[in-house]
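In: Got a sequence here, can you build the structure:
(chains A and B)
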Amino acid sequence: MSTLHTVNKSPFANQSLLSCLGHCKNGDAVLMIEDAVYGALAGSGVAEAVKAHAGTVSIYVLSEDAAARGIADDRLLSEITGIGYDGFVDLVATHDRTQNWL
Amino acid sequence: MSETKKFLYVNRKAPYGTIYALESLEVVLIGAAFEQDVTLAFLDDGVFQLAKGQNTDGIGVKNFSPTFRALGDYDVTKLYVEQESLAERGLTQDDLQEIMYEDEDDDWEEKPSIRIVSRAEMADIMADQDVVLSF
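Out: Residues are numbered from 1 along each chain as shown, chains lettered A, B, ... in the order given. Okay, the predicted model is just below:
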């Protein structure tokens, strides 16, 4: 039994990403979409907090949203996996529930 | 009759700066008519929704905080509030309004609907649901 968490706000605008990470169970997945993709940047002020959860939680970023914002793959934290819309659908289908962190 | 599912309504926004909090309460009341197993979670700024003493006379919007006290009549009796979110905001349970329900399985004894839980307990509650609706 696991949950897919989606986050769509920049972690530099509000606490949604950090609150999400703080409520994840081992084996859950977090997908950063829309402005939340800024949370996937290496070297940012939240990078350490994101990396701290990467061992127990699978963390993904929606590549289309990252590309739209000029975030190339080599700027992403190595702990984060880029996926496309098809991968998004797979994540929804392989988890028991989806929880949005608005 | 359809199967009963566990619905969690997650409240993470303060009450009047956006419409999320009021809309959540509206959806909870609508959903209660479908006799599902409903739980409400209050965390982050959502804990401010339950603050006692709200007075909106000066801002021209409806004070919907008394409506929380009617939820018991709709069998919505589980309001979980996260301790860490209260503490981060300098609040304690004494700053929240009292919300009671009558337990039909216990001779209609009045019991508190608000239950304070830790962040870890809140994560367990979230992981125990069929459907999670976020506001």
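In: Touching the lowest-mean-pLDDT helix or strand in chain B from outside, list them.
Out: Least confident helix or strand of chain B, by mean pLDDT, DSSP states H and E, is helix B:20-32 with a mean of 94. In this structure, residues lying in contact with helix B:20-32 by Cβ atoms under 8 Å, 6 or more residues apart in numbering or on different chains are A:102, B:7, B:9, B:11, B:13-15, B:38, B:40, B:46, B:49, B:62, B:64, B:67-68, B:71, B:74-76, B:133, B:135. Just so you know, the C-beta spots here come from the backbone N, C-alpha and C atoms, and that holds for glycine as well.
In: Filter those down to the ones in strands?
Out: Counting by DSSP state E, these place B:7, B:9, B:11, B:38, B:40, B:133 in strands.
In: Would you format those as TSV with neighbour count, distance to chain A and pLDDT included?
Out: As requested, the ones in strands among the contacts of helix B:20-32 are arranged in TSV below (neighbours: other Cβ atoms under 10 Å in any protein chain shown; distance: Cβ to the nearest Cβ, whole Å; pLDDT from 0 to 100):
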residue	neighbour count	distance to chain A	pLDDT
B:7	21	11	96
B:9	23	11	98
B:11	27	11	98
B:38	20	15	96
B:40	26	15	98
B:133	16	9	97
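In: picking that back up, ChimeraX command to pick out the buried ones of the contacts of helix B:20-32?
Out: Only the buried members of the contacts of helix B:20-32 enter the following ChimeraX selection, criterion being 16 or more other Cβ atoms under 10 Å in any protein chain shown:
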select /B:7,9,11,13,14,15,38,40,46,49,64,68,71,74,76,133,135
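In: Now the helix ranked longest in chain A: buried residues?
Out: Determined from DSSP state H, the single longest helix within chain A is helix A:85-94. The neighbour-count check on helix A:85-94 (16+ other Cβ under 10 Å) flags A:88, A:91 as buried.
In: Equivalent analysis for stretch B:72-86, please.
Out: Taking 16+ other Cβ under 10 Å as the basis for neighbour counts, the residues of stretch B:72-86 that come out buried are B:72, B:74, B:76-86.
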